[in-house]
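>>> here you go, sequence then predicted model.
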Amino acid sequence: MDSTLTACPSALDAPTGSAAPWRGAVVRVLLFLLLGVIPAVGQVRKDGTVDWNRYYSSGESRAIMATWCEAKPDLARLVSIGKSYLGCDLWVIEITDRRTGRAEEKPALYVDGNIHSGELTSGALALYFAGYLIHSHGRDPRVTKLLQTHTFYVRPKFNPDGADATLLRNIALRSSVRPVDNDGDGIADEDPAEDIDGDGFISLMRIADPKGDRVASPEDPRILVRRKKTDKEGPFYRVFREGIDNDGDGRLNEDGLGGLDLNRNFPRNWALPFRQPGAGPFPLSEPETHATVRFIVDHPNITGIVHNHTSGGFVFRLPSASDPAAFDKEDLGTIATFAKKFTALTGRPVRPSSTHPTRHRYGTLISWAYWDRGIIGWVPELWPGIGKSRLDALRYQDEHLAGRDFTPWKPFDHPTLGRVEIGGLRTRFLVQNPPPELLEKECAVHVPWLLYLAEQAPRLKLEDVRSARREDGAIILTATVRNTGFLPTHLTRRGFLSKVQRPVAGRIEMEGADLIEGSRRQDLGHLAGQRALEGMPKERAKMLRWVVRPTPAGGTATIVVSSDTGGTVRSKPIALAHDD
């Protein structure tokens with residue numbers, strides 16, 4: 001393996017134009033960031049473990065996964081499912097024990113992270129979970145068994161461009177780096193926040209103003225809190241992110257890098273940006289979201305989706321991006337079962353993503369996955385934060401982090417605002433994400449529930465495979481097909497009604513015999529799971545039957561049963577002796 005890794009072999013550098021000098025600077029920064037050679041050695045120890053108390057860039061994450069795949073070729077495979085806006089590969093690591101079957105022939109759980117640039121914990125959890133599965137195989141009986149019968153598709157960096165812009169260059173943006181004209185002046189990305197005092201951080205600026213809406217906290221004057229109507233004694237402040245008015249329109253930092261929200265760009269119940277800011281010009285306009293939909297459609301064995309975000313310390317459940325009244329009550333019952341387990345395993349609450357007929361998000365991944373694929377998805381908002389307020393976070397970093405996340409307020413002569421003070425609490429690794437020292441602990445909280453979700457998938461099993469000879473020398477072959485999983489093979493009522501999951505079918509493969517009764521391929525329809533759904537198929541098991549006549553030399557038969565979601569199972573070869 002090479003000791004260095006080029007993160008993005010071909011970025012797309014759009015013309016910047018003389019009217020947008022800062023946009024050109026941003027593109028140059030991103031090209032340096034994404035095209036630069038990133039060290040790729042030393043992240044994975046000799047025993048296969050990784051330091052999980054740090055955040056990894058897209059290049060480092062790819063290198064870690066590549067090392068795992070090289071060490072465990074029968075267990076892990078790295079696949080690019082497309083390219084990002086800047087030309088980065090969109091990597092998915094496929095994890096299953098391929099000695100027990102092909103990945104696409106097993107029910108699968110899809111797990112991703114870092115669709116939103118600053119939500120770095122979500123990508124860290126996805127990478128951690130992939131590492132947990134690989135490292136636990138052969139050591140943990142539960143994981144070892146699960147990888148024999150199930151597949152995991154794990155995608156740590158949904159949005160590698162934005163994630164690296166945030167992690168490596170401290171650029172604040174919501175999601176995609178695609179330029180967007182946020183202030184409507186005909187120029188995109190020309191007025192971002194900037195480190196104007198040169199201390200290496202983009203902090204806050206405060207300016208004294210009797211009409212300001214902020215005041216120093218009475219508990220700690222380093223922190224500014226919202227001014228109350230009863231507050232009469234100042235000083236009071238107006239607060240801005242650090243930066244200047246690059247475009248001379250009288251506003252600060254109103255048009256920074258990007259502006260799209262990739263989790264508002266999915267096609268189900270998508271809305272124009274006037275209703276849903278950040279939605280993009282049309283559904284799936286972005287290469288990252290298009291690749292996601294293509295991948296999920298091309299992998300009908302996916303039975304669940306975990307779409308990680310930060311922060312808050314809870315999980316969003318369905319319904320999402322739709323009127324809750326339109327949601328199927330039976331499917332809500334299934335969701336409630338899984339939600340209850342989430343709270344039991346993590347100690348954290350569950351919240352519906354949508355609670356109002358119209359005042360809700362539009363164009364989310366888990367909404368599309370449910371309505372168009374019948375798949376139940378989840379949005380864990382990782383990291384509950386430190387204490388109950390930013391004051392608690394400030395005190396924590398004082399006591400445990402040597403005060404590294406607070407910059408004392410200091411005077412600065414601003415070119416248009418005059419005398420200001422720059423400083424304040426930096427919250428990216430306190431409020432939005434945990435300090436690196438607490439990252440592994442946060443990731444570990446979620447592993448038991450992820451394993452539980454995978455175990456709830458439908459799973460086909462062949463039982464009572466028998467052969468019996470008739471008086472005329474023909475052989476009767478019978479077998480019972482059973483769904484041993486919790487979910488039905490159609491996953492949800494929505495999945496059944498939309499007919500997107502292929503039902504269960506059995507077929508017989510023969511050598512040295514002729515089929516004389518029964519179709520070579522027999523459709524069995526869907527099979528119920530442990531959870532029965534009203535108005536849906538009730539049978540969990542069905543029988544297959546064929547009659548075959550061996551040739552004089554004899555032969556063999558194999559029964560194969562498959563469905564999109566329940567996997568593919570094969571009987572052992574059945575000997576077919578000729579009746580002399």
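Good, I have the coordinates.

>>> where along the stretch 401-550 of the chain do the strands fall?
Along the stretch 401-550 of the chain, the stretches classed as strands by DSSP state E, counting those that start in this stretch are 406-414, 418-425, 460-469, 475-483, 504-511, 513-517, 521-525, 541-550.

>>> avg pLDDT for the fifth one?
In this model, strand 504-511 has a mean pLDDT of 96.

>>> now do the contacts for the residue nearest to K441 when sequence neighbours are not counted.
Once flanking residues are discounted, K441 sits nearest to P434: 7.8 Å by CB to CB, 6 or more residues apart in numbering. Placement of C-beta: from N, CA and C, glycine included. By CB atoms under 8 Å, 6 or more residues apart in numbering, P434 lies in contact with T121, W383, K441, E442.

>>> kindly report the same for H356.
Here H356 is in contact with P324 (criterion: CB under 8 Å, 6+ apart).

>>> and it, which of the three is it?
coil (DSSP: H, G, I helix; E, B strand; the rest coil).

>>> backbone dihedrals for S58, please?
phi -60, psi -40 (degrees, to the nearest 10).

>>> hang on, it packs against G162?
No. At 9.8 Å, S58 does not count as touching G162 under the criterion of CB atoms under 8 Å.

>>> quick one, which of those two is more surrounded?
A count of neighbours by other CB atoms under 10 Å puts G162 above the other of S58 and G162, at 33 against 30.

>>> excluding chain neighbours, what is closest to that one?
Per CB to CB, 6+ apart, closest to G162 is S117, 3.2 Å.

>>> next, count neighbours for the one you found.
Residues near S117, counting by other CB under 10 Å, number 26.

>>> any idea which helix or strand carries it?
Under DSSP states H and E, no helix or strand contains S117.

>>> bridging residues for R419?
D413 (DSSP bridges).

>>> ignore what I typed, I meant A505.
Per DSSP bridges, the residues bridged to A505 are D523, S562.

>>> pretty sure it is touching V561, no?
Yes. In this structure, A505 is within contact of V561 by CB under 8 Å, at 7.3 Å.

>>> more crowded one of those two?
When neighbours are counted by other CB under 10 Å, A505 and V561 differ, and V561 comes out ahead with 25 against 16.

>>> show me what contacts the more buried one?
L460, L462, A479, V481, V504, A505, G506, R507, L544, T568, V569, R570.

>>> then T484?
Per CB under 8 Å, 6+ apart, neighbours of T484: R459, L460, K461.

>>> next one: I376
Contacts of I376 by CB under 8 Å, 6+ apart are G304, I305, L318, D331, T334, I335, F338, A369, Y370, L491, T492.

>>> out of these, which is nearest to I202?
Nearest to I202 among the contacts of I376 is I305, at 33.7 Å by CB to CB.

>>> how near is the spatially most central residue of the chain to F406?
Nearest to the geometric centre of the chain sits D112, at 2.2 Å (CA atoms, centre = their mean). As defined by CB to CB, to the nearest Å, D112 lies at a distance of 33 Å from F406.

>>> equivalent analysis for V177, please.
29 Å.

>>> neighbour count for these two, which is higher?
V177 (27 against 19).

>>> quick one: the more buried one and D161 touch, right?
Yes. In this structure V177 lies within contact range of D161 using CB under 8 Å: 4.5 Å.

>>> which stretches of this protein have low pLDDT?
Applying pLDDT under 70 to the chain flags residues 1-42, 580.

>>> change it to 80
1-42, 48, 321-323, 354-359, 579-580 (pLDDT under 80).

>>> what about the helices in it?
Ranges of helices in the chain, per DSSP state H, are 21-35, 58-71, 120-136, 141-149, 160-169, 287-298, 329-346, 365-373, 390-400, 439-444, 447-455, 493-498.

>>> what's the closest of those helices to E190?
E190 sits nearest to helix 21-35 of all the helices of the chain, at 5.2 Å, using CB to CB.

>>> could you double-check that V447 sits in contact with F129?
Yes. Judged on CB under 8 Å, V447 makes contact with F129 at a distance of 6.2 Å.

>>> who's more crowded, these two?
Neighbour totals were compared for V447 and F129, and F129 leads with 25 against 18 (other CB under 10 Å).

>>> ramachandran angles for G566?
phi -100, psi 0.

>>> farthest pair in the contacts of P434?
Greatest spacing in the contacts of P434, by CB to CB: T121 and K441 (11.3 Å).

>>> neighbour count for these two, which is higher?
T121 (28 against 11).

>>> re the thing from before, neighbour-wise, which of the contacts of I376 leads?
Busiest of the contacts of I376 [other CB under 10 Å] is L491, holding 31 neighbours.

>>> so that residue touches I305, yeah?
No. In this structure, L491 is not within contact of I305 by CB under 8 Å, at 11.1 Å.

>>> give the intersection of the neighbour lists for those two.
Counting by CB under 8 Å, 6+ apart, the residues touching both L491 and I305 are I375, I376.

>>> if I pick L204, what's in contact with it?
So L204 contacts V239, F240, R241, E242, I422, G423, G424 (CB under 8 Å, 6+ apart).

>>> against R251, how distant is T230?
30 Å.

>>> so which of the two has more stuff around it?
Between T230 and R251, counting by other CB under 10 Å, R251 is the more crowded of the two (13 against 5).

>>> quick check: that one touching D191?
Yes. Counting by CB under 8 Å, D191 is a contact partner of R251 at 7.2 Å.

>>> overlap in contacts, the two.
Joint contacts of R251 and D191 (CB under 8 Å, 6+ apart) are D183, D245.

>>> can you pull out the strands in the stretch 201-350 of the chain?
204-208, 214-216, 224-226, 236-241, 302-307, 309-310, 314-317, 350-352.

>>> can you list residues touching both of A505 and V561?
With CB under 8 Å, 6+ apart as the test, A505 and V561 reach no residue in common.

>>> make sure E539 is actually in contact with A528.
Yes. With contact defined as CB under 8 Å, E539 counts as touching A528 (6.1 Å).

>>> who has more neighbours out of these two?
The neighbour comparison of E539 against A528 (other CB under 10 Å) goes to A528, with 20 against 12.

>>> next up, the contacts around that one.
Per CB under 8 Å, 6+ apart, neighbours of A528: N483, P488, M536, P537, K538, E539, R540.

>>> at 6 Å instead, please
P488, P537, K538, R540 (CB atoms under 6 Å, 6 or more residues apart in numbering).

>>> could you work out the most separated pair of those residues?
Of all pairs in those, the most separated under CB to CB is P488 and K538 at 9.7 Å.

>>> more neighbours: these two, which one.
A count of neighbours by other CB under 10 Å puts P488 above the other of P488 and K538, at 28 against 11.

>>> now do the contacts for the more buried one.
Per CB under 6 Å, 6+ apart, neighbours of P488: H526, A528, G529.

>>> please consider this matter closed, and thank you.
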